[in-house]
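# Let me see the structure of the following:
(3 chains)
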Amino acid sequence: MNFPSEILNIEHVLFSQYGDLKWWPAKTPDEVLIGAILTQNTTWKNVEKAIDNLASENLLDLGSLSNASREKISTLIKSSGFYNQKTERLLGISRKIYSEFGSLHNLSRQGMQFCIDYLGQMKGIGRETMDSILLYAMDFPRFVIDKYTIRFMTRYGLLQDHIDIEKLESIPDILNHDIWRLKNFHALIVELSKNFCRSEPLCKNCILNKNCKYYKDKSVP
DNA sequence: GGCCAGGACACCA
DNA sequence: TGGTGTCATGGC
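Here you go, the predicted structure:
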């Protein structure tokens, strides 16, 4: 079976089993962007504490955040780790976007390619973070290529000896540029990957069937 | 007590 | 261009 067919098949099976996961867990686009920075190399549980702290100080939007002090931000986001680095990134990004466009929505109106170039120049926004912002905060037809995606595709056998970025970049086409499907497909991969066994290559049964005897048994070699 | 988590970046050869 | 060190908290 070729790549597009496999993708459609996986999406169909996963969705029929697990449904709409309603990702990204955030109330506003600004919160998505802030969460995307905070979650770098950190568990989401640690990020949630930081998000709650920022919310309690009304700092979950770019305007408020850009006017907050370094000390205040770094204290509030400490639980997410790398807090000095993330404070600088949050301040730099929020100040630039807020001062030049006023809002994330205004920035998104410049179009996807503009946003890719614009966000790509900022310190703290790499490939994955940008994908997350483009898809989940700005509703552009972008598929998030992160560690989970690559691990999933590799272990499923859809990527062989090298990471074929072009293949992964074709996923928006395969999913018909449907924003909701792109959001949910990535969410399914991430949520389910947390429960996969570590066999290599991963048994397809484990991916597509949560009743697989190896499901959640991460100790399997 | 070690390892890993929804990365990115600077530095070096 | 690719490998490595650094940033740091928290859960298991």
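
# Can the strand or helix carrying A:Ala50 be said to contact DNA strand B?
Per DSSP states H and E: A:Ala50 is located in helix A:44-56. Yes - for helix A:44-56, a contact with DNA strand B is found by CB under 7 Å from any atom of the strand, at A:Trp44, A:Asn46. In this view, the C-beta of every residue, glycine as well, is placed from N, C-alpha and C.

# Would you mark the buried spots in the following helix or strand past that helix?
Later in the chain than helix A:44-56, the nearest helix or strand by DSSP H and E is helix A:62-66. By 16 or more other CB atoms under 10 Å, the buried positions in helix A:62-66 come out as A:Leu62, A:Leu65, A:Ser66.

# Same question for stretch A:49-61.
Buried, per 16+ other CB under 10 Å, within stretch A:49-61: A:Ala50, A:Ile51, A:Asn53, A:Leu54, A:Leu59, A:Leu60, A:Asp61.

# Report the mean confidence score over it.
Averaged across stretch A:49-61, the pLDDT comes to 97.

# Export stretch A:60-78 to PDB, keeping only CA atoms.
This file holds the C-alpha atoms of stretch A:60-78, laid out as PDB (Å, rounded to 0.1, in the frame of the first residue of the first chain):
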ATOM      1  CA  LEU A  60      -2.300  34.500  28.700                       C
ATOM      2  CA  ASP A  61      -2.400  37.000  25.900                       C
ATOM      3  CA  LEU A  62       0.400  38.500  23.900                       C
ATOM      4  CA  GLY A  63      -0.400  42.100  24.800                       C
ATOM      5  CA  SER A  64      -0.300  41.500  28.600                       C
ATOM      6  CA  LEU A  65       2.600  39.100  28.400                       C
ATOM      7  CA  SER A  66       4.700  41.600  26.400                       C
ATOM      8  CA  ASN A  67       4.400  44.100  29.200                       C
ATOM      9  CA  ALA A  68       5.200  41.700  32.000                       C
ATOM     10  CA  SER A  69       8.600  41.700  33.800                       C
ATOM     11  CA  ARG A  70      11.100  38.900  33.200                       C
ATOM     12  CA  GLU A  71      11.100  38.100  36.900                       C
ATOM     13  CA  LYS A  72       7.400  37.700  37.000                       C
ATOM     14  CA  ILE A  73       7.200  35.500  34.000                       C
ATOM     15  CA  SER A  74      10.100  33.300  35.000                       C
ATOM     16  CA  THR A  75       8.600  32.700  38.400                       C
ATOM     17  CA  LEU A  76       5.200  31.800  36.900                       C
ATOM     18  CA  ILE A  77       6.600  29.400  34.300                       C
ATOM     19  CA  LYS A  78       9.200  27.700  36.500                       C
END
